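# build me a structure from this.
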Amino acid sequence: MTKTHWKNPDAPRPPTPWDEITPGLWMGGHVYADADGELRPAVVTDEFDLVISLYTRPGHGPGPAAQHLVGEMPDAPLNAAQLDTVRRLADTAGRALDAGRRTLVRCYYGYNRSGLVVAQCLVGRGATAGEAVGLIRSRRSPWALHNRLFTAYLDSGLDAASLPAGPDPLP
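Below you'll find the model as predicted:
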């Protein structure tokens with residue numbers, strides 16, 4: 001099995017299971033730290049209509065009434081197919097918002113992979129990459145999208161980021 005999360009020793013555990021980024025669009029993880037700093041599971045029951053999971057763990061929901069989409073991927077360089085999954089899930093989140101559905105995008109801590117999908121959703125709704133990243137960091141955590149490769153994907157655009165690297169065009 002491929003490891004889909006990595007532990008950054010500098011990243012603090014999130015203090016909440018999830019946070020609302022824009023009305024109806026939430027970002028979170030599978031764990032959070034309680035008031036005593038103890039790691040607790042973030043279990044989704046019926047809080048959301050759509051849950052998009054980029055990391056999964058048994059027993060973390062969602063409940064049977066929610067639509068659950070899974071697109072597991074690493075918190076590491078993404079290939080073209082994984083970037084296409086990010087794009088499709090971001091578009092799905094945008095359509096859910098348009099339909100008035102409460103949507104959660106989650107990964108392990110709720111910082112990087114979920115941040116990439118939420119930011120792409122916001123970009124698809126007219127925000128610049130910088131605006132999307134800034135909003136996410138102000139609403140979720142300053143640690144959100146601390147994976148610089150993910151912010152580079154957003155800055156260049158996912159379409160450009162998924163293009164294969166070719167030979168140097170200059171001799």
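
# could I get the helix or strand bottoming out on mean pLDDT in the chain in CSV with only the CA atoms?
Sorting the helices and strands of the chain by mean pLDDT, DSSP states H and E puts helix 158-161 at the bottom, at a mean of 80. The C-alpha coordinates for helix 158-161 follow below in CSV (Å, rounded to 0.1, in the frame of the first residue of the first chain):
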residue,chain,number,x,y,z
LEU,A,158,-3.2,22.4,-12.9
ASP,A,159,-3.4,22.0,-16.7
ALA,A,160,0.2,23.3,-17.1
ALA,A,161,1.4,21.3,-14.1
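
# quick one: it to chain centroid distance?
Mean-position distance between helix 158-161 and its chain equals 17 Å (CA atoms, centre = their mean, to the nearest Å).

# this structure: helices as residue ranges?
80-98, 113-124, 129-139, 148-156, 158-161 (DSSP state H).

# right, and these - which one's nearest residue 16?
Closest approach to residue 16 among the helices of the chain (CB to CB): helix 129-139, 10.4 Å. (Each C-beta comes from the backbone N, C-alpha and C, glycine too.)

# can I get the helices of the chain in JSON lines with mean neighbour count and distance to residue 37?
Shown next, in JSON lines, are the helices of the chain (neighbours: other CB atoms under 10 Å; distance: least, CB to CB, whole Å):
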{"stretch": "helix 80-98", "mean neighbour count": "18", "distance to residue 37": "31"}
{"stretch": "helix 113-124", "mean neighbour count": "28", "distance to residue 37": "22"}
{"stretch": "helix 129-139", "mean neighbour count": "18", "distance to residue 37": "22"}
{"stretch": "helix 148-156", "mean neighbour count": "17", "distance to residue 37": "27"}
{"stretch": "helix 158-161", "mean neighbour count": "14", "distance to residue 37": "36"}
